[in-house]
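Colleague: A structural model of the following input is requested.
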Amino acid sequence: MYKKAVVFLNGTINSNFCTLNVLSNYKDLPIYCADGAYDKVVSSRQLRKNVVQIIGDGDSIRNSKTVKYTMINDQNYTDFEKIMLYLIKCSFEEVIIYGGGGKEMDHYLGNISVLIKYNNHIKCKLIDEYGYSILLGNEIVERNVKGRMISIIPMFRLKRVRSEGLKFKLDNRTLEFGSQIGIRNCATEKNVKISSEKGEGIVFISHKKYNY
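Modeller: Numbering: from 1, shown residues only. Predicted coordinates:
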């Protein structure tokens with residue numbers, strides 16, 4: 001059985017958006033929270049009832065009396081990485097992540113580093129009120145995205161990037177952070193395929209559709 005979970009991190013969380021998005025797409029999935037994220041999730045009755053566990057080191061949580069709490073004190077890992085290691089150990093194959101961005105920029109970049117570190121072990125999608133992002137390794141295919149804005153950010157170099165279904169087609173292009181990146185492109189077809197020969201990057205896809 002393919003195992004998926006929702007994860008809430010202690011970044012910026014729009015409670016109304018997250019509640020609607022989870023109920024529309026992931027309402028039957030278990031929810032795992034980092035320390036302080038539970039204090040934000042607990043205000044939503046619909047989200048709170050699916051929280052099965054909080055994982056962290058206890059440094060940023062106030063209310064956890066009614067949910068199982070797993071304390072991991074090893075400061076060599078962030079709370080996000082502790083959650084990832086726990087879910088991988090429990091044979092989860094995909095996580096949907098809210099609260100991965102916002103607040104301090106170093107936290108967001110740290111979260112991206114964790115995604116890249118464990119990309120070969122578990123599939124991840126970061127979602128906020130503006131869109132979602134996924135890692136690009138060799139190839140991804142995103143369906144039903146026509147009209148959406150799509151950006152490709154190399155981390156830190158992507159070689160021989162190719163695309164199908166984008167307005168500005170990439171044909172064996174090298175993208176490099178600090179030089180040329182593939183920002184603010186758009187999907188002109190229902191399905192979009194993006195691939196690269198070497199390297200890793202982040203693909204951002206907007207929720208909003210545009211008239212290009």
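
Colleague: contacting residues around the helix or strand of the chain with the lowest mean pLDDT?
Modeller: Ranked by mean pLDDT, DSSP states H and E, the weakest helix or strand in the chain is strand 69-71, scoring a mean of 73. Strand 69-71 has contacts (CB atoms under 8 Å, 6 or more residues apart in numbering) with Gln53, Ile54, Ile55, Gly56, Asp57, Gly58, Tyr86. Quick note: C-beta positions are derived from backbone N, CA and C, even for glycine.

Colleague: My read is that the second one contacts Lys82, right?
Modeller: No - in terms of CB atoms under 8 Å, Ile54 does not count as a neighbour of Lys82; the distance is 10.7 Å.

Colleague: quick one, which of the two is more surrounded?
Modeller: Ile54 (27 against 22; other CB atoms under 10 Å).

Colleague: In space, what's closest to Phe168 - neighbours in sequence excluded?
Modeller: Asn185 (5.1 Å; CB to CB, 6 or more residues apart in numbering).

Colleague: what's the burial count for that neighbour?
Modeller: Using other CB under 10 Å, Asn185 is surrounded by 22 other residues.

Colleague: A helix includes it, no?
Modeller: No - counting by DSSP: H, G, I helix; E, B strand; the rest coil, Asn185 falls outside a helix, being strand.

Colleague: and it, how far is that from Arg173?
Modeller: 12 Å (CB to CB, to the nearest Å).

Colleague: Specify the beta-bridge partners of the residue minimising distance to the centre of the chain.
Modeller: Geometric centre of the chain, nearest residue: Leu126, 1.7 Å, by CA atoms, centre = their mean. On the basis of DSSP bridges, Leu126 is bridged to Ile97, Ser133.
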